[in-house]
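# okay, here's the prediction I keep looking at, along with the sequence it came from:
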Amino acid sequence: MTTFALIHGAYQGGWIWNPVAELLRAKGHLVLAPTLDGCAERKAQLRAGINTQTHADEIAGLLFYNDLKDVVLAGTSTGGMVMARVAELARERVARVVFADALALLDGEALPDIVKRPTAVNTELGTGPSRQDFETRLFADLDPKVRAWALERCTPHPIAAMQAPVRLERFWDQAWDASVIWCRKSSNPPVAHQRRAAERLKARWHELDTGHYPMLSEPAALAQLIAEG
């Protein structure tokens, strides 16, 4: 049995990992897919001060308080930023890291340095695409039923997590058992960004012929890559 911690990206919650989590659990694995502070069912907690650092702190705490070891961390989209910081904070608990079409920022970089979002609906506390942008661009390649299901669950993401530079003082200087999964039909994060991560980490490189949400479009293929490394 392997322990997996699946970290969601922006506008999401742990719900987006449900299809992958079910497949991994059916194989006898322990799977955690927590929802980050201020997101999805925790949207009522959205407030100033939530950022990548605080998100990572709570996931590192989850590993600590549950006495979890030899954990495989998998992060998607902005969840890659959180995952890298979690790995740094809980090095002794992490066996492997998986970037699933994920952002892998260097210390001091911020998301706008890598991704130029075409649309955003910003408030003082949160940010996210319009419903139309979700429907016609971000979720365009999903099955219509899956798209409708996902649309009902998207929530604004804490804005500081999308703007503030990340703090990763040790992650990139350490050796990791790592995999990078690039989704060919996804424009962001750019392939050059993901190649950079793979090269720096000496990671295994995998490709899926799908869009940015492989956990919804290709859950079986993604679950296999996460499980096998």
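That came through fine.
# wait, residue 90 touches residue 66, no?
No. Using C-beta atoms under 8 Å, residue 90 is not in contact with residue 66, being 11.3 Å away. Where C-beta positions appear, they are placed from N, C-alpha and C, glycine not excepted.
# so which of these two has more stuff around it?
Shown here are residue 90 and residue 66; by other C-beta atoms under 10 Å, residue 90 has more neighbours (21 against 14).
# who does the longest strand anywhere in the chain pair up with?
What stands out as the longest strand in the chain, according to DSSP state E, is strand 94-102. If you go by DSSP bridges, strand 94-102 pairs up with strand 71-77 (parallel), strand 178-183 (parallel).
# give me the residues contacting the last one.
Strand 178-183 has contacts (C-beta atoms under 8 Å, 6 or more residues apart in numbering) with 96-102, 104, 191, 194-195, 197-198, 201-212, 214, 222, 225, 229.
# for the spatially closest residue to residue 218 that is not a sequence neighbour, pull up the helix or strand it's in.
Nearest residue to residue 218 in three dimensions, chain neighbours excluded: residue 210, at 4.8 Å (C-beta to C-beta, 6 or more residues apart in numbering). For residue 210, there is no host helix or strand (DSSP states H and E).
# give the burial count for residue 210, as a bare number.
20.
# now for whichever helix in the chain runs longest, which elements pack on it?
Longest helix in the chain, counting residues (DSSP state H): helix 52-65. Judged by 3 or more C-beta pairs under 8 Å, 6 or more residues apart in numbering; DSSP states H and E, helix 52-65 is in contact with strand 3-7, helix 79-89.
# let's see 6 Å
helix 79-89 (3 or more C-beta pairs under 6 Å, 6 or more residues apart in numbering; DSSP states H and E).
# where do the helices sit along the chain?
Using DSSP H, the helices of the chain run over residues 18-26, 52-65, 79-89, 111-114, 131-133, 144-151, 159-163, 191-201, 214-217, 219-228.
# residue 123: which of those is closest?
Closest to residue 123 of the helices of the chain is helix 159-163 (C-beta to C-beta; 7.4 Å).
# for that closest one, give the mean pLDDT please.
For helix 159-163, mean pLDDT is 95.
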